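Colleague: Dropping the sequence and predicted coords here.
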Amino acid sequence: MPNSTADHNSSTGNKVAFNPSMTEITGATILLENVTKSYGAKKAAVNQLTLEIPAGKTVMFVGPSGCGKTTTLKMINRLIEPTSGRIVINGEDVTTMNGDELRRRIGYVIQAGGLLPHLTVGANVGLVPKMLKWDKQRIADRTDELLELVSLDPEIYRDRYPKELSGGQQQRVGVARALAADPPVLLMDEPFGAVDPITRQRLQEELIHVQAELHKTIVFVTHDFDEAVKLGDWIVIFNEGGKIEQYGTPEQILAHPANEFVEDFIGSGAGLKQLGLTRVRDVDIRQAPAFTVGEDAATAVAHMNEAGVLRAIVLDSRDRPIGWVTRRQLERMTTVGAAHARQFPVVSDSATLDDALDTMLVAGSSDAAVTGSRGAYQGIITVQTVIKAIDHISADPEEVSTPVGHNTGAIPKLATGENGVISYAMDEEETATEVENDSAPWAEHSDPAETHRGSERA
Amino acid sequence: MSSATQEQTETKEATASLTQANSWKGLLIQPIVLLVILGVMFWWMSTADLTETERITLNASYLSTLAWEHLKLTIISAVIVLVTAIPVGILLTRGPFRKLTTPVMALANIGQAAPPVGLIVLFAFWLSFGTTAAIVTLVVYAFLPVLKNTMVGLEAVDKRTIEAARGMGMSPGMVLWKVELPLAVPVMLAGIRTALVLLVGTATLATFINGGGLGLLITTGVNLALDRVLIFGSLLVAVFALAVDWIARVIETAVTPKGL
Amino acid sequence: MGSYLSDRWPQILSASWQHFSLVAQCLLLATVIAIFIAALCYRSKTLSGVANSVSAVGLTIPSFALLGLMIAPLGFGVAPAVVVLTFYCLLPILRNALVGLAGVDRSLIEAARGIGMSSMETFFKVELPMAWPVILAGMRVSAQMTMGVAAISAYVLGPGLGSFIFSGLSRLGGANSFESVVTAVVAVVVIALILDGLLLLLGRLTISRGIRA
C-alpha cells in the first residue's frame, strides 16, 4: 500500500504541472474532427467523434469492450480508415495522405509487442528506420540507444529472437521499436494486457519514466481503469459507439464522475484511488478541545460545555496526544489525568489521506489526531473530513486548458491556449450551451463530459 | 530483471538449441541408412549371377538413365507446381479473391481424389503418350498440398503480427514479403515436401504411358516375370523416394527462419 | 458414353462394389491394427517416436514400388492388394492414434483410475473414446489415399475399378477404351466421396456429443 501510494504521487507529480520552459515537448497535437466509422448498415462503431489530444500528454482511452476505443486509436494511424471526418496531427490533415507513410511517423505498440518472430530483437527495433532508409550505422546506434532506454542490455539482447525473451522483455522491445524513428505520437493498444501483474506494474513505471524523458503524445487504450489513473494525464471514458462519457484528468473523473455510466465504470474503489493523491496537511483539520495532563478538570469541563462537545484530547507535557477522555470522566476528576485516557489513532500531517483513513479504520475509530513536527498535536481529522477533502481537492481545477472531446458534430477552431501552446477551442456559442450548472466549480472550465451532456439535452 | 525470468529465458534457449541439434541429428541417420541399403543393393547386383535379360536392365548406366528421367519428371513438375500453386495460394488469401477459395479448393480436392493411375491414362489419351502427359498428371496431383499449405500457412500468421507490421507503416506488399511469407514458410515447406513425395511416387506410374522413370523397372519385372528385377526396382524406387524426402527435409530445416 | 454405361452397368456396379469393399475392409483391418500398435506404443516416448518414424518412411515409399515388392512373395491377385492397402491405411491412422492418445488429459486418466477402473477399462472407456475423433480423421485420410492405391492394385490383378483403367490402356485407341478409363476415374471419385460420407456419419454416431467440436 505505501509503495503504490508513493508511485502515484511521483507519477502525478510528473504529469500534473506542465511547464513549457523546463521540458521540451516532442509530441504533437492530434485532433479527430467529427470522425465516424461504420461498417455497412450496422450501428456506427464510432459516431461523430471530435477529440483533441494535447501535445506531449498521455491520454488514456478506457471503456468496456466494443466501445470503439480501439477503433478510435486505429483511426489515428489509419489502420482503420474513418468513414467520414478528418484527422489532424500538428495542424496537418493526414486523412488523405499515404497511410503507410503516416504510420512510419507514428509509433504503434500492441499486446506482446507484436514483434516479428522471424527477426532478431535488433532487426525488429530497426525496422522503421530501415524503411525510412537510414544508413546502417545510424540504425545500429539508434537500436542500441533504444534498447538501453527500455533497460535491455543491447550486447545481450540485440541478436536474440523474440521467442527467447520473456513477455515483459518482448513488451519492452515493442516500445523500443515504436520509438525507433522518434515519432511524435505513440499509439498503444492494450500493450500490457498479456503480462503478469508484477511485470505490468514495472512496465507502467518504466513508461512513466520514458515519457518523463521524451514527452511524446501517447494515446493508450486500456480496459483497466487503475492503469488509466496511474498513467494518464487525461482519461477519455468511452461508451458504445465511441461516445465520450467523460474527458478529464484522473482527479476530475474520480471526484466527479460525469454520470452513472462513469461511476459504474470506475467501480467502488474510486474514492480510495483519489485518497492517495493528497496529504493530511492539505485538508482542513478540525480543532477539538485538548487539555494537558495536570490541568484543572473543572475548567476543562466548562470549556467542553462551552464548545458543546462530549470528548477531549489529552496531551502529554510535550503537547503530544496520548488519548481522549469523555466529559463524564472529567467530571469525576480534579485534574486532567493520563490514567483515564483511551487510546486514540494518531497520524502525521505528512501522511496521505488513504494512510489516514487506513489508520482510522484499523483503530476502529471515526477520527484521528493529527500531529505536526515532533509529534505535536495539530487537531483531528475525521472520516468526514477525508471524504469532504476529496471534493475540495478535485474541486481545485488544474491550470491546464481542458481539451475538447464530444460527439455532437461541432468542430472546434484553432486557439492559443494559456500556456502558449496552440490548441483547439469550441466556438463561443457552443461554449455557452456547454456549461452546465452541476455546482462543481470545475465544470466552468468547459469540461468535455459536461460539454457532452449539455449538448445532449439541448 | 528478476533472476527467475532470466533463468526461464535461458532454459527456453537451451531447449531451442537442443531441438535444433536433434533435428539435424535425425537428418543424418536417414542418408546413412539409405546409402547402406543402396551399397548392399549394388554390391548384390555386381556379384549376383544375373541372366542376360536381367543384365539389360540391372546395370549402372541404364539405372542411372532411369533415375535421371524420374528425377526430371519430379523436378519439372515440382517447379511447375511451385510457380503456380504458391501464387494462386497467395492470391486466394488476398481480399477480393477470397471468395474464389471454395471453387478452387473443390477443384484441387477432386484432382487429389481421382486415382492417379486413371488420371495419367486420361491425360495420355488427350495429350498423346509420353512425358508431357505424365508431367501434367503430376502437376494436377501435387497441386493441392502446396496450394492448401500456402493458404493455411498464410492464414495462420498471427493477425496481430500483421497489424503490428501495418502499424509500423509497411505496405501490403511489404507485409506479404517480409512478414507473412517468412512466417508461413514452415507450413508451406511441409506442403512442398508432401507434394514432392507424392510426385516421386506418382512418377513411377509414368511408365504406363511411356513417360519413363524408375517405374519401368517394376513393369519390366512384372511383364517379364523377372522377380529379381522387380524386387531390385521396387527397392530402388523406395530408396529414391526416401532420398528425395530427405533432401526436402534438409531444405526445410535450412530455410525455416531461425526465430521460429 | 451413355450406351457404354448402360451396356456395362452391372460390371461397373460390381467393380465399384469390389473397389469399395476392398478399401473399406482394409480400412477396418488397418484401424484395428493401428489402435493395437498405438496402444502398445503411446505410453513410451521412444516407441512412439519409432512408430512415427516408421509411419513417415512408409508413407514416403511409392505404392507402386510396394506393390511390386509384394508380388514376389504373394503372387498376383487379392493378397498383395490387401497387404499393400492395409499397410497404407495403417500409417495415417497409427500416427493420429498416437497423437490422439497422447493428447488425452492426464488428470482424466488419473480420475478414471481413481474411481477404480483397471488400466484396460481406462483405455477402452476413457482414452480411446477421447482419442477417437483424431483416429477417425486419420481413417478419412487413409480412405481417400488408398482409393487411388486400390486402382493401381489392378495391375497385379487385384479387384476393383482399376481393371477398367488398365483394360482401357491396353486397348489404346480401341473401341470404348476412353470411356472405360473415364468411367473408372469418375466411379473412384464417387465411391471415395461415399466412403468419406459414411465415415463422417460414423463420427456423428460414435463421437460423444460432449467432445464434438
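Modeller: Received it, and whenever you're ready, just let me know what you need.
Colleague: and the longest helix belonging to chain C, what other elements does it pack with?
Modeller: Looking across chain C with DSSP state H, the single longest helix is helix C:2-41. Secondary-structure packing of helix C:2-41 (3 or more Cβ pairs under 8 Å, 6 or more residues apart in numbering or on different chains; DSSP states H and E): helix C:45-60, helix C:78-102, helix C:128-153, helix C:162-170, helix C:177-206. To be clear about C-beta, it is placed using only N, CA and C from the backbone, and glycine gets the same treatment.
Colleague: and the angle for that helix with helix C:162-170?
Modeller: 130 degrees (axes from the mean of the first three to the mean of the last three Cα atoms, to 10 degrees).
Colleague: got the buried residues for helix C:2-41?
Modeller: By 16 or more other Cβ atoms under 10 Å in any protein chain shown, the buried positions in helix C:2-41 come out as C:4, C:8, C:12, C:15-16, C:18-20, C:22-24, C:26-27, C:30-31, C:33-35, C:37-39, C:41.
Colleague: can you give me the end-to-end distance of stretch A:60-80?
Modeller: Distance between the boundary residues of stretch A:60-80 (Cα to Cα, to the nearest Å) amounts to 19 Å.
Colleague: Give me the nearest residue to the one residue in chain B that gets nearest to chain A, chain neighbours excluded.
Modeller: At 2.7 Å from chain A, residue B:164 is the closest residue in chain B, using Cβ to the nearest Cβ. Counting by Cβ to Cβ, 6 or more residues apart in numbering or on different chains, residue B:164 lies nearest to residue A:114, which is 2.7 Å off, once chain neighbours are set aside.
Colleague: thought the one you found was touching residue B:159?
Modeller: No: the pair residue A:114 / residue B:159 is not scored as a contact, 10.1 Å apart, by Cβ atoms under 8 Å.
Colleague: who has more neighbours, those two?
Modeller: residue A:114 (28 against 9; other Cβ atoms under 10 Å in any protein chain shown).
Colleague: For the more buried one, give me its contacts.
Modeller: Residue A:114 sits next to A:108, A:174, B:160-161, B:163-165, B:167 when contact means Cβ atoms under 8 Å, 6 or more residues apart in numbering or on different chains.
Colleague: Please apply the same query to residue B:234.
Modeller: B:217-218, B:221, C:65-69.
Colleague: What is the neighbour count of the nearest residue to residue C:63 once chain neighbours are set aside?
Modeller: What sits nearest to residue C:63 in space, not counting adjacent residues and going by Cβ to Cβ, 6+ apart, is residue C:149, at 4.4 Å. A total of 29 residues lie near residue C:149 under the criterion other Cβ under 10 Å.
Colleague: Return the distance of residue C:149 relative to residue C:28.
Modeller: 16 Å (Cβ to Cβ, to the nearest Å).
Colleague: residues in contact with the residue nearest to residue A:287 when sequence neighbours are not counted?
Modeller: Closest residue to residue A:287 apart from its sequence neighbours, by Cβ to Cβ, 6+ apart: residue A:379 at 5.0 Å. Going by Cβ under 8 Å, 6+ apart, residue A:379 touches A:285-288, A:369-370.
Colleague: do residue B:70 as well
Modeller: Counting by Cβ under 8 Å, 6+ apart, residue B:70 touches B:200, B:203-204, B:212-215, B:240.
Colleague: Wait, a strand at it?
Modeller: No: counting by DSSP: H, G, I helix; E, B strand; the rest coil, residue B:70 is not part of a strand but helix.
Colleague: Give me the three-state assignment for the residue lying closest to it once chain neighbours are set aside.
Modeller: Sequence neighbours aside, residue B:213 is the residue nearest to residue B:70 in space, at 3.9 Å (criterion: Cβ to Cβ, 6+ apart). Three-state call for residue B:213 (three-state DSSP): coil.
Colleague: from chain A, which residue is nearest to chain B?
Modeller: Counting by Cβ to the nearest Cβ, chain A gets nearest chain B through residue A:114, at 2.7 Å.
Colleague: mind checking pLDDT for that residue?
Modeller: Note for residue A:114: predicted pLDDT of 82.
Colleague: How about residue B:258?
Modeller: pLDDT at residue B:258 comes out at 78.
Colleague: all helices of the stretch 301-450 of chain A, in order?
Modeller: A:327-331, A:353-363, A:383-395, A:428-434, A:448-457 (DSSP state H, counting those that start in this stretch).
Colleague: can you list the residues of the stretch 51-200 of chain B near chain C?
Modeller: Proximity of the stretch 51-200 of chain B to chain C, by Cβ under 8 Å from any Cβ of the partner chain, involves residues B:110, B:112-119, B:121-122, B:125, B:197, B:200.
Colleague: Identify the farthest-apart pair in those.
Modeller: The most widely separated members of these, counting by Cβ to Cβ, are B:125 and B:197 (26.9 Å).
Colleague: Compare the two (neighbour count), which wins?
Modeller: Using other Cβ under 10 Å as the criterion, residue B:125 and residue B:197 rank with residue B:197 on top: 23 against 18.
Colleague: and that one, helix, strand or coil?
Modeller: Assignment for residue B:197 (three-state DSSP): helix.
Colleague: just checking, it touches residue C:60?
Modeller: Yes: using Cβ under 8 Å, residue B:197 and residue C:60 qualify as a contacting pair, with a distance of 5.2 Å.
Colleague: anything in contact with each of those two?
Modeller: B:241, B:245.
Colleague: returning to what we had before: quick one, grab the pLDDT at the residue nearest to residue A:287.
Modeller: 87.
Colleague: Who is it paired with across the strands?
Modeller: Beta-bridge pairing of residue A:379 under DSSP bridges involves residue A:370.
Colleague: low-scoring stretches of the stretch 251-400 of chain A, by residue?
Modeller: A:268-279, A:338-341, A:350-352, A:373-374, A:390-400 (pLDDT under 70).
Colleague: Verify the stated contact: the residue nearest to residue C:63 with residue C:82.
Modeller: No: in this structure, residue C:149 is not within contact of residue C:82 by Cβ under 8 Å, at 11.3 Å.
Colleague: For residue A:126, see how far away residue A:142 is.
Modeller: 7 Å.
Colleague: what is in contact with those two at once?
Modeller: What both residue A:142 and residue A:126 touch, as defined by Cβ under 8 Å, 6+ apart, is the set residue A:180.
Colleague: Do a quick rundown of the helices in the stretch 51-200 of chain B.
Modeller: Using DSSP H, counting those that start in this stretch, helices in the stretch 51-200 of chain B cover B:52-57, B:60-92, B:101-113, B:116-127, B:131-156, B:159-167, B:172-174, B:181-203.
Colleague: Which positions in stretch A:33-52 come out as buried?
Modeller: Here stretch A:33-52 shows A:33-37, A:44-52 as buried, counting by 16+ other Cβ under 10 Å.
Colleague: Since that was my last question, I'll sign off now.
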